[in-house]
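Engineer: Need a 3D model of the following:
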Amino acid sequence: MDEDWFEVDVDVNDRNQKLIAVVRESARFWPECPPNATSVLVSEPDETGGESRGGDGVRDRDPYDIAIDEALADGEQVLLLAVDLCDLEENRVFGTLGATVVKDRLFCSQRHTTTYRPEPSDDVESLEAIGSLTELGRIAAGWFEEVVRRPVIGPIGHGAGSFVAPCTTPPPRYRWIRNAPDAKQVGPATPVVTD
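Structural biologist: You can find the predicted model right below:
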């Protein structure tokens with residue numbers, strides 16, 4: 001089990017270590033995000049076997065794939081920081097967030113829970129940024145924190161979760177999965193009628 005957020009089990013260059021340190025320091029204060037919900041993945045230039053991630057070249061490739069291909073071709077590491085959004089009560093992952101660092105570029109988005117590929121989402125806005133590694137670390141940490149702090153509800157007995165506005169009351173047959181607000185902030189589920 002990981003002892004710290006974004007524990008590094010592989011060789012990461014000094015540049016990327018600095019970025020990881022910035023995000024790790026912020027992660028210590030994220031609610032309902034234990035260290036074992038975070039991970040670091042590294043792609044090395046020799047792992048691609050000379051093949052492009054973009055496929056056959058017929059379809060349009062997105063900036064994410066293009067940036068990764070260029071970095072790996074230039075001999076650069078590609079760093080992915082991932083955060084699993086967990087239903088701690090049910091011990092299930094219902095979503096994954098990822099921040100990929102490619103040279104001086106950052107790509108943050110909701111990710112597929114097993115392939116870590118970016119996935120479109122109505123709930124989580126993707127973010128792209130260019131800057132120094134320290135700046136990108138702060139941006140990634142802020143993006144992760146904003147999403148991780150959101151309240152989440154889900155149907156009783158199911159693994160799916162939905163982000164909701166703060167101070168929301170779950171509808172019948174739903175329960176809090178993450179970041180339940182204080183009862184006094186939410187108020188009663190139904191109006192109280194007095195004479």
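
Engineer: give me every residue that touches Val10.
Structural biologist: Contacts for Val10 (Cβ atoms under 8 Å, 6 or more residues apart in numbering) come out as 40-42. All C-beta spots, glycine's among them, are computed from the backbone N, C-alpha and C.

Engineer: now do 10 Å
Structural biologist: Applying Cβ atoms under 10 Å, 6 or more residues apart in numbering to Val10 gives the contacts 40-42, 44, 77.

Engineer: Can you verify my assumption that Leu41 contacts Thr96?
Structural biologist: No. Using Cβ atoms under 10 Å as the test, Leu41 is too far from Thr96 to be in contact (11.5 Å).

Engineer: who has more neighbours, the two?
Structural biologist: Using other Cβ atoms under 10 Å, the more surrounded residue of Leu41 and Thr96 is Thr96, with 21 against 14.

Engineer: about what we covered before: common neighbours of Leu41 and Thr96, please.
Structural biologist: Listed as contacting both Leu41 and Thr96 by Cβ under 10 Å, 6+ apart are 82, 116.

Engineer: State which helix of the protein is the longest.
Structural biologist: When the chain is parsed with DSSP state H, its longest helix is helix 133-148.

Engineer: separation between the closest residue to Ser162 other than its chain neighbours and Arg173?
Structural biologist: Nearest residue to Ser162 in three dimensions, chain neighbours excluded: Ile153, at 5.8 Å (Cβ to Cβ, 6 or more residues apart in numbering). For Ile153, the distance to Arg173 equals 10 Å [Cβ to Cβ, to the nearest Å].

Engineer: quick one, strands of this structure?
Structural biologist: Secondary structure of the chain (DSSP state E): strands at 38-43, 78-87, 92-102, 105-111, 127-130, 152-155, 162-163, 174-178.

Engineer: Put together JSON lines for the ones you listed, with mean pLDDT and distance to Val10 on each row.
Structural biologist: Shown next, in JSON lines, are the strands of the chain (pLDDT from 0 to 100; distance: least, Cβ to Cβ, whole Å):
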{"stretch": "strand 38-43", "mean pLDDT": "95", "distance to Val10": "5"}
{"stretch": "strand 78-87", "mean pLDDT": "95", "distance to Val10": "10"}
{"stretch": "strand 92-102", "mean pLDDT": "94", "distance to Val10": "14"}
{"stretch": "strand 105-111", "mean pLDDT": "97", "distance to Val10": "19"}
{"stretch": "strand 127-130", "mean pLDDT": "97", "distance to Val10": "24"}
{"stretch": "strand 152-155", "mean pLDDT": "90", "distance to Val10": "31"}
{"stretch": "strand 162-163", "mean pLDDT": "88", "distance to Val10": "32"}
{"stretch": "strand 174-178", "mean pLDDT": "89", "distance to Val10": "29"}
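
Engineer: for the protein, where's the lowest mean pLDDT among helices and strands?
Structural biologist: None of the helices or strands of the chain scores lower by mean pLDDT, DSSP states H and E than helix 183-186, at a mean of 43.

Engineer: Surely Ala141 touches Thr38?
Structural biologist: No. Contact between Ala141 and Thr38 fails when scored by Cβ under 10 Å: they sit 11.5 Å apart.
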